[in-house]
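**Q** My questions are about this predicted structure, shown below with the sequence.
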Amino acid sequence: MGVEYGGIVEQLADEFIKYPIEFGTEADLRVHLYNSLVDTLAERGEEMATVQNPRLVGDTKSYKQSYKDVVEKRFQERGEIERVRLNASVGKRTKFDIIVFNGTVNNSVEWVRSGSKRFSNDDLGAAFGIKFIKNKCYPPTKCSVNSDELLKMDLEELQSILNTDENSLLGEFEKLHSLPDSVDTFFILVSNNNYLFADPLAESEESETKKQRVGMAAREWLRDKAGDITILYIHPRGKTWIS
């Protein structure tokens, strides 16, 4: 049986809810999830991937060739690679917060002239995007969130007034959608103020009807854009699987 990545993501949510003071940046979230993934694979004896063709392909400046040679030699001697990686490059100009390789890596690693490494998306088993929306109390809109007009709008109209560019979420989804269907993709959206107005609401939020409607529209917008991406929304009072 394969790894249940959704359960590991939910553990991150439970830790955030229990100890929100420990999570101040996206880096905190990444490191926690990275450690949980490594620990889970290690318990199964699956933390390393076998590399079928441990080569570094790509050019380098001639006077720096010896460094590439050393890296490749040690790569070949080992014949394995750690399956979980942070801030990994997959193809040109595409980086993911965390990736998990399949148990076997079939493709060579691309050596970029600067010494960066790029991996093939065909060798991925899972990929994770993480976004920490801090110090925002409700989804950004193109009009005043206190306008009485919001009470008259249906869901489609509410979605049309969302400022979806502000938090750059579409770019995150596009990266995850670019991966093969065989890759499990997750997006973890975190707010320190429950800016999506998801349950359970604080008592002080229950009278904020307009902001609740905007939050509902934002959650539905996320669901529409998700496709095959699994989205978990986390805030200090709870968690919601959006897709």
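**A** In hand now; what should we look at? Residues are numbered from 1 along each chain as shown.
**Q** Tell me who's in contact with the residue sitting furthest away from the middle of the chain.
**A** For the chain, the largest distance from the centre (Cα atoms, centre = their mean) belongs to residue 63, which lies 37.7 Å off. Applying Cβ atoms under 8 Å, 6 or more residues apart in numbering to residue 63 gives no contacts. Any C-beta I mention is one placed from the backbone N, CA and C, and that applies to glycine too.
**Q** Would you mind measuring from it to residue 56?
**A** Here residue 63 is placed at a distance of 17 Å from residue 56 (Cβ to Cβ, to the nearest Å).
**Q** again, but for residue 93
**A** Residue 93 sits 19 Å away from residue 56, taking Cβ to Cβ as the criterion.
**Q** cool, residue 151 as well?
**A** 60 Å.
**Q** How about residue 100, nearest residue that isn't a chain neighbour?
**A** Distances taken as Cβ to Cβ, 6 or more residues apart in numbering place residue 126 nearest to residue 100, at 4.2 Å, with adjacent residues excluded.
**Q** Tell me the bridge partners for the one you found.
**A** Counting by DSSP bridges, residue 126 is bridged to residue 100, residue 184.
**Q** Tell me, how many residues neighbour it?
**A** Look at residue 126: counted by other Cβ atoms under 10 Å, it has 23 neighbours.
**Q** which of residue 93 and residue 56 has more neighbours?
**A** Higher neighbour count among residue 93 and residue 56: residue 56, with 19 against 8, using other Cβ under 10 Å.
**Q** Can you tell me the closest non-neighbouring residue to the more buried one?
**A** Distances taken as Cβ to Cβ, 6+ apart place residue 111 nearest to residue 56, at 4.0 Å, with adjacent residues excluded.
**Q** Name all residues that make contact with the one you found.
**A** Residue 111 makes contacts with 56, 57, 58, 60, 68, 71, 72, 117, as judged by Cβ under 8 Å, 6+ apart.
**Q** What is the neighbour count of residue 242?
**A** Number of residues near residue 242 (other Cβ under 10 Å) recorded here: 20.
**Q** Assign the closest residue to it other than its chain neighbours to helix, strand or coil.
**A** Excluding the flanking residues, the one nearest residue 242 by Cβ to Cβ, 6+ apart is residue 231, at 4.2 Å. The three-state label given to residue 231 by DSSP: H, G, I helix; E, B strand; the rest coil is strand.
**Q** Am I right that residue 231 is in contact with residue 239?
**A** No: if you go by Cβ atoms under 8 Å, residue 231 and residue 239 don't touch, sitting 11.1 Å apart.
**Q** Show me where this structure dips below the pLDDT cut-off.
**A** 1 (pLDDT under 70).
**Q** how about the helices in it?
**A** With DSSP state H as the criterion, the chain has helices at 5-18, 26-43, 65-78, 155-160, 169-177, 209-226.
**Q** For the residue most central in space within the chain, give its distance to residue 185.
**A** Closest residue to the average C-alpha location of the chain: residue 129 at 1.0 Å, with Cα atoms, centre = their mean. Residue 129 is 8 Å from residue 185, where distance means Cβ to Cβ.
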